[in-house]
Structure formats: structure tokens, C-alpha cells
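Q: Provide a 3D model corresponding to the input given below.
(one chain, ligands or ions: 1)
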Amino acid sequence: MNTLVIENVSKTYSNGVKALDSINLNISNGMFGLLGANGAGKSSLMRTIAALQKPSAGSIEFNEVDIIETPQSVRQNLGYLPQEFDVYPKISAQKLLDHFAVLKGILNKKERNAQVRALLQQTNLYQHRKKSVHTFSGGMKQRFGIAQALLGNPQLIIVDEPTAGLDPEERHRFLNLLSEIGQNIIVILSTHIVEDIQELCTQIAILAQGKIISKGNPSILVESISGTIWSKIISKDKLEEYKKNYQVISTRLIAGETQIRVLSDQQPTSEFKTVTVGLEDYYFAQMFLNQSLKNE
Ligand SMILES: Nc1ncnc2c1ncn2[C@@H]1O[C@H](COP(=O)(O)OP(=O)(O)OP(=O)(O)O)[C@@H](O)[C@H]1O
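A: Predicted coordinates:
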């Protein structure tokens, strides 16, 4: 079993932006989802865990080894798919993966060939191995990104917002691939898309303004707000009024009509209907409560 222990990690950039504020996480094998809005600090945390930047304070241990003191120890065991991974020279996928394998230190040619072949098969790219990666679709590029991240058999994989721009089928395929991988190692998936982590992740954390505002098993978290979310169709011009009188956590357009979802222990009025809650409701409720606390 692999373990990643993050204690009191903070990161302030030289321009004064505090991107991470006392992060504590304990992660073991499986898919871990890090959920947060744009600018919440997800990439900052991913880059810090990947030992690409040092935190301003705190400690990170991977399998009981301090990765801040000895970053090379985690880099050897780490596969990283950054948010922007789209610069490809015009050589075949197979040659490019072979090149990355050399960079990763797999110098034995026979071993390298075997790994490159196996990874192209695992990511369903084997039949496209002779094509240049720059001609690949978005989904194929991301699967190639995972193939390069898996070189050297890492025990920790970090993928930063991997599904942005993928069509639903590609997204599905990509997430299934991640969940297969996540059975025996730690996979950290950062995303602002709730559905990406709802079914796949056994543990999640919600990040807002550099702080973890909630963490746990997604089903248990969702269950904890069961019976407290209510919906109502309203006319759009009444939205501000509802926001003043109720804890409106989200607004959505359904078949041209405005539906609000409200957080309340009791049915606000008989016109409000109870809803079957999902992770998205939990996420919006936490963001709402966090914002309310800040405004107090
Ligand atoms: N190298 C940097 N120097 C200064 N500020 C930075 C740097 N990188 C990120 N930031 C700032 O830190 C905050 C968190 O950014 P970060 O990229 O970690 O968030 P994110 O959740 O990954 O968002 P996104 O999905 O938009 O990338 C933002 O205010 C951002 O502008």
C-alpha cells in the first residue's frame, strides 16, 4: 500500500498570492479526486506534490520519504500529466514514447521496447503508434499523456484537469483507463468537473481559495446532506429576491425554466420539492457555506 501524507502545506508565490493555505491530506491507493473552481489552487498543489516546486511551509511524505528534502525520490516513482501537455515534435507516437522512456531512465532497449508496446496497448493507441501525436484527437493525446506518465511503473500518478476539452465518449474512456490504473497505485485527479470524480473516486477533497473545505468518501459526504436540498422553478426576475430570503446554492436552466436549489433543514415552503442529492449539490452547498462564513 502506498501512502502520501501532506501536512500543513502552504504556498505563497513571490507576487504575494497565497495559493495554498495549511493543506492536510492523507492519501492511499485508489483514485483521489481534488475538486475546485478555477484558481482554487489545484495546479499549485499538484506541482508541489510532484516536487516541481517547494512549498513555503509544511511537509509531504511519500511512502515515508520526505519529498521536499529528496525530490528525486518522488520523481522516480511519479507519473505526472500536467494541465498543458500539448507540445509534440513531429515524430511517431511510438518514437516519442521511447524518447520519454529514455528520459525516465529506462536505458535497457529490450525493457524499453516492451514497456512502450505494453503502454500503447493499455491506452488503446497501439494501432496508431506510427502516427505523429500532433495529428491525434484530444482524447488520444490525453491517453498518450497517461502512457508517458506510466513509464517506469510509478506508484503515484498525478493528472491535472485531464478531461477539459474532451467529448463525452473520449472522457468516459479516459476516466475508465484512470480507474483501472488506480486499483494498485495512488492516482490523484484534479478537476473542476464534479461528474469526473463522482463515480470513480473513493476519496475526494474540495479546495477553495487554497484551503481544503471538505474531504471524505463521496457517497458518505452526499448522504450527509440528504433531505436538506430543495428545488423550485421560479421566474428569472425573482432570483435576487430568492437569494435574499433563502440559501440558494445553485441555479440551473431546465427546458428554458430557472430552477433554484436551496439548502434548508426543513422544507422552506410547500412549493419547494425535495431532491435526490448528488455530489454536485454537496459541492455547491460547501462552496455556499464557505462563502457565507467569509462574508460574516
Ligand atoms: N507561478 C505563479 N506565480 C504567481 N501566482 C501564481 C502562480 N501559479 C498560480 N498562481 C496563482 O495562484 C492561485 C491558484 O492558482 P492554481 O493554478 O494553482 O489554481 P487552479 O485551481 O489550478 O486553477 P486553474 O484550474 O485555473 O489552473 C491563482 O490565484 C493563481 O493566479
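Q: next helix or strand past the lowest-mean-pLDDT helix or strand in the chain?
A: Comparing helices and strands within the chain by mean pLDDT, DSSP states H and E singles out helix 71-76 as the least confident, with a mean of 80. Using DSSP states H and E, the helix or strand that directly follows helix 71-76 along the chain is strand 78-81.
Q: what does the helix or strand just after that next one contact?
A: Moving toward the C-terminus from strand 78-81, the first helix or strand encountered (DSSP H and E) is helix 93-103. Applying C-beta atoms under 8 Å, 6 or more residues apart in numbering, the external contacts of helix 93-103 come out as 88-89, 91, 112-113, 115-116, 119-120, 125, 128-133, 136, 144, 147-148, 151-152. C-betas here are computed from N, CA, C, even on glycine.
Q: 6 Å instead?
A: The set of residues that contact helix 93-103 without belonging to it, under C-beta atoms under 6 Å, 6 or more residues apart in numbering, is 112, 116, 129, 133, 147-148, 151.
Q: Likewise for stretch 268-288?
A: Contact with stretch 268-288 is made by 194, 198, 206, 213-214, 218, 221-222, 225-226, 229-232, 246, 249-250, 262-263, as judged by C-beta under 6 Å, 6+ apart.
Q: Which positions in that stretch come out as buried?
A: Applying a neighbour-count criterion of 16 or more other C-beta atoms under 10 Å, the buried positions in stretch 268-288 are 268, 272, 275, 277, 279-288.
Q: Mind jotting down where the strands sit in the protein?
A: Counting by DSSP state E, residue ranges of the strands within the chain are 3-12, 18-28, 30-36, 57-62, 65-66, 78-81, 156-160, 186-191, 203-208, 211-216, 229-234, 248-254, 257-263, 273-274.
Q: now stretch 106-114: mean pLDDT?
A: Stretch 106-114 shows a mean pLDDT of 92 in the predicted model.
Q: about what we covered before: the ligand is nearest to which of the strands of the chain?
A: Each of those was checked against the ligand via C-beta to the nearest ligand atom, and the shortest separation belongs to strand 18-28, namely 3.5 Å.
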